[in-house]
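Colleague: Predicted model follows, preceded by the sequence.
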Amino acid sequence: MRAIQIGKTEDGKKFTLPIELVTQTIAILAKRGVGKTYLGRVMAEEMLRADMQVVAIDPTGAWHGLRSSADGKKAGYPIVVFGGDQKDVLPLEETAGEVIARAIVECGFSAILDLSELSENAKRRFATSFAETLYHLNRNPLHLFMDEADEFAPQKAFKGTERLLGAMENIVRRGRKRGLGCTLITQRPAVLNKNVLTQCEMLVAMRLVSHWDIKPIMEWVNVHADPKQAEKMIRSLPSLPIGTAWFWSPGWGDIFEIIKIRKTFTFDSSSTPKPGQKAVRPKAAAKIDLNKLGKEIAATIERAKADDPKQLKKRIAELERLAMAQSHPPRSAPITKSGPTEKEILRAAQVATKEEIEKHQKKIAAACEDFRSNIFTTINTAVGRLINDITKMKFSPPLLNARSPIPKIKLEKSQRSEEKGATVAHISPGRTNLHHPAPFCTIKGSPVQRILDSLAWWESAGINAPSREQTAFAARYSANSGHFSNMLGGMRTEGLVDYPSPNTVCLTDPGRKQAAAPQSILDFDALVQSVSSVLRSQPLQRIFQAVIEKKEASREDIATAAGYSSTSGHFGNMLGKLNTLGVTECPRSKPGYVILGKMFEIFT
């Protein structure tokens, strides 16, 4: 079977990938103008040459060149273009996503969906119904190219885009079982959803210069690969020549190569026009049988209507009205003397009507079952996220949760504070030797108080400006939740907190006065025990204890001590969580090593 030829290695050898790439997940990350869309089109060419089905979601109108040869004078590949100024069929409507996805799956043709003439909201509405339908119906090998993928899988999903993000997660995480592969192409890795990015099996990195755009690569590395290799790649990214890319896939194919991308066989419709030059358009294109395509799409629409529960119920209502009218004919209706009697005609009509009603009822039942299957997947994804958020909210420092077994807390009668009027919790005299940094004196404090007390606790641990993630974690919130962001914004307006640098929060003097003062930390063991009680997740505690025991060790040693494989995605995720919270650190000066975070510096 044909291999996919991408380009050449540094030593001049051909670089190819197996045709099974069609059902794999790839992320192409690069700054603007260095050839990321060009590379995507090279991959699409190879798949089309191998008679594989491809679909490109094209928000910028840069993919239609696949229809023409490189010089624009001959035909290219017979791939149907929907929408844009090079369209084969009528302009795309934002409501057509489901119908087009059905037609692509049922008729098996390749397509370019040019969304460049739609508004941003219309693009997302089209992509939502298209992605959901494609994931539900497809069962044969099909590769989906998502250009400008950050528009469809953003890091922060605002209201109205939750369904689209869920559909993209389904395609990337579970699409392979349904024959779906996916390539995500973006010039803004920093705003591409990390849950989607880290699930990609192959990373393709071209020139990147921004620290914020290189940082997501390390998150992918923490899940899939070796930080030592990452150091070599990351150092080269700012100076990579145009048209050159790193291909990295540790789990699929064991690939780690820097590749010079070959020239396309088709027209370069993604090139940037130069000043003083007119835009060149191809003169020839592969022909599409529009009559056949139109009939196939029309047939798809009719089948969709036939399976639509609303249409079926409407038809049943019409039949029932017809049956009622036939059972009560007008008195003036003439009665024929020859042929079937009136009763026989009525009986036959009732039988025929009943049979048609039963047939449509079966269709409704099947459609409802199909709907339940779809909605189950959507609900399952939403519930999973909700459980994940709730689990995060349960993480708390020692005195946040009165049920916490570490430390044991004895609650005395509420005492009204003269200054703040808070319900105060005191540590039992028999446990005062623990000296935990107690961040919350108010067991059931307001959201504002919880955030202030969280910041006070981090100060007691030696971190005066914790990150948003650290602040939210100790306050029992999700750092990405709108409620947490709104609370921080209001507190900053009131002068209780400030943002000394991007993604960090600190107390102001008024905020520090209002925060519940934590107990002093007397020794290293007390801080360790306090942090352990914050880390309610057993995997987090195991890895943290391994770092405590080793003080400084390689990633492999830490994983072994915690009972994990250093290459497993779960271990990478857990270690990344500890690094984000500042509990541990992977220093750049010692690639591949793990040490205790800065909060422990005063004791080491």
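Modeller: Great, that's in hand.
Colleague: the helices in the stretch 401-550 of the chain, which residues?
Modeller: 447-460, 468-474, 482-493, 509-514, 524-534, 538-550 (DSSP state H, counting those that start in this stretch).
Colleague: Lowest average pLDDT across those helices?
Modeller: If the helices of the stretch 401-550 of the chain are sorted by mean pLDDT, helix 524-534 sits at the bottom with a mean of 76.
Colleague: Redo the helices of the stretch 401-550 of the chain as JSON lines? Include distance to residue 233.
Modeller: All C-beta spots, glycine's among them, are computed from the backbone N, C-alpha and C. Output for the helices of the stretch 401-550 of the chain, formatted as JSON lines (distance: least, Cβ to Cβ, whole Å):
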{"stretch": "helix 447-460", "distance to residue 233": "34"}
{"stretch": "helix 468-474", "distance to residue 233": "26"}
{"stretch": "helix 482-493", "distance to residue 233": "33"}
{"stretch": "helix 509-514", "distance to residue 233": "42"}
{"stretch": "helix 524-534", "distance to residue 233": "33"}
{"stretch": "helix 538-550", "distance to residue 233": "25"}
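Colleague: closest one to residue 33 among the ones you listed?
Modeller: With Cβ to Cβ as the measure, helix 468-474 is the member of the helices of the stretch 401-550 of the chain nearest residue 33 (32.2 Å).
Colleague: what's the distance between residue 82 and residue 103?
Modeller: Here residue 82 is placed at a distance of 10 Å from residue 103 (Cβ to Cβ, to the nearest Å).
Colleague: how about the helices of the stretch 401-550 of the chain, which one is nearest residue 76?
Modeller: Nearest to residue 76, of all the helices of the stretch 401-550 of the chain, is helix 482-493, at 46.2 Å by Cβ to Cβ.
Colleague: any residues touching that closest one, and which ones?
Modeller: Residues outside helix 482-493 that contact it (Cβ atoms under 8 Å, 6 or more residues apart in numbering): 447-448, 451-452, 468, 471-472, 475, 477-478, 497-499, 505, 511.
Colleague: Just want the angle from it to helix 447-460.
Modeller: Computed by axes from the mean of the first three to the mean of the last three Cα atoms, to 10 degrees, the angle separating helix 482-493 from helix 447-460 equals 80 degrees.
Colleague: hmm, back to that, output the helices of the stretch 401-550 of the chain as a markdown table; include the columns distance to residue 120 and mean neighbour count.
Modeller: As requested, the helices of the stretch 401-550 of the chain are exported to a markdown table (distance: least, Cβ to Cβ, whole Å; neighbours: other Cβ atoms under 10 Å):
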| stretch | distance to residue 120 | mean neighbour count |
| --- | --- | --- |
| helix 447-460 | 33 | 24 |
| helix 468-474 | 27 | 23 |
| helix 482-493 | 20 | 15 |
| helix 509-514 | 38 | 15 |
| helix 524-534 | 40 | 19 |
| helix 538-550 | 39 | 18 |
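Colleague: Just tell me which of those ends up closest to residue 194.
Modeller: helix 468-474 (12.3 Å).
Colleague: Report the distance from that closest one to the chain centre.
Modeller: Centroid separation between helix 468-474 and its chain, computed with Cα atoms, centre = their mean, to the nearest Å, is 22 Å.
Colleague: counting contacts, what elements does it pack onto?
Modeller: Helix 468-474 is packed against helix 447-460, helix 482-493, with contacts defined by 3 or more Cβ pairs under 8 Å, 6 or more residues apart in numbering; DSSP states H and E.
Colleague: CA-only coordinates of that helix in CSV, if you can.
Modeller: In CSV, the C-alpha atoms belonging to helix 468-474 read as follows (Å, rounded to 0.1, in the frame of the first residue of the first chain):
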residue,chain,number,x,y,z
ARG,A,468,-4.1,31.7,39.3
GLU,A,469,-4.1,27.9,39.4
GLN,A,470,-2.4,27.8,42.8
THR,A,471,-4.8,30.4,44.2
ALA,A,472,-7.9,28.6,42.8
PHE,A,473,-6.6,25.2,44.0
ALA,A,474,-6.3,26.2,47.6
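Colleague: after the helix or strand harbouring residue 167, next one along is what?
Modeller: If you go by DSSP states H and E, residue 167 is part of helix 162-174. Sequence-wise, the next helix or strand downstream of helix 162-174 (DSSP H and E) is strand 180-186.
Colleague: Show me what the helix or strand that that following strand is followed by packs onto, helices and strands only.
Modeller: Going down the chain from strand 180-186, the next helix or strand is helix 194-197, by DSSP H and E. When contacts are defined as 3+ Cβ pairs under 8 Å, 6+ apart, helix 194-197 sits against helix 162-174, helix 211-224.
Colleague: Go again with 6 Å.
Modeller: Where contact means 3 or more Cβ pairs under 6 Å, 6 or more residues apart in numbering; DSSP states H and E, helix 194-197 is packed against helix 162-174.
Colleague: Any idea how far the helix it packs on is from the middle of the chain?
Modeller: Using Cα atoms, centre = their mean, the mean C-alpha position of helix 162-174 is found 6 Å from that of the whole chain.
Colleague: Check stretch 211-220 too.
Modeller: So, by Cα atoms, centre = their mean, the centroid of stretch 211-220 is 16 Å from its chain's centroid.
Colleague: And stretch 34-41, by the same measure?
Modeller: On the basis of Cα atoms, centre = their mean, stretch 34-41 sits 22 Å off its chain's mean C-alpha point.
Colleague: Contacts for that stretch, please.
Modeller: For stretch 34-41, the surrounding residues in contact (Cβ atoms under 6 Å, 6 or more residues apart in numbering) are 28, 30, 62, 145, 147, 183, 185, 206-207, 242-243, 261, 264, 270.
Colleague: just checking, residue 84 is part of a strand?
Modeller: No. Residue 84: not assigned to a strand; according to DSSP: H, G, I helix; E, B strand; the rest coil it is coil.
Colleague: Spit out the contact partners of it.
Modeller: Residue 84 makes contact with 61, 114, 116, according to Cβ under 6 Å, 6+ apart.
Colleague: So the first one sits against residue 116, correct?
Modeller: Yes. Counting by Cβ atoms under 6 Å, residue 61 sits close enough to residue 116 to count as a contact (3.8 Å).
Colleague: Look up how far residue 133 lies from residue 126.
Modeller: 11 Å.
Colleague: Then residue 560?
Modeller: Shown here: residue 560 relative to residue 133, a distance of 46 Å by Cβ to Cβ.
Colleague: between the two, who's got more neighbours?
Modeller: Using other Cβ atoms under 10 Å, the more surrounded residue of residue 560 and residue 133 is residue 133, with 21 against 14.
Colleague: Which of the helices or strands spans the more buried one?
Modeller: Residue 133 belongs to helix 120-137 when assigned by DSSP H and E.
Colleague: Tell me which other helices or strands the next helix or strand after that helix touches.
Modeller: Once the chain leaves helix 120-137, the next helix or strand it forms, by DSSP H and E, is strand 142-146. Applying 3+ Cβ pairs under 6 Å, 6+ apart, one finds that strand 142-146 contacts strand 53-58, strand 180-186.
Colleague: did I read that right, residue 7 in a strand?
Modeller: Yes. Checked against three-state DSSP, residue 7 lies within a strand.
Colleague: Let me see the confidence value for it.
Modeller: We have a pLDDT of 96 for residue 7.
Colleague: Residue 84 and residue 532, how far apart?
Modeller: Where residue 532 is concerned, residue 84 sits at a distance of 57 Å (Cβ to Cβ).
Colleague: And for residue 186?
Modeller: Taken as Cβ to Cβ, the span from residue 186 to residue 532 is 39 Å.
Colleague: now swap in residue 359 and tell me
Modeller: Counting by Cβ to Cβ, the gap from residue 359 to residue 532 is 65 Å.
Colleague: list the buried ones in the helix holding residue 133?
Modeller: 123-136 (16 or more other Cβ atoms under 10 Å).
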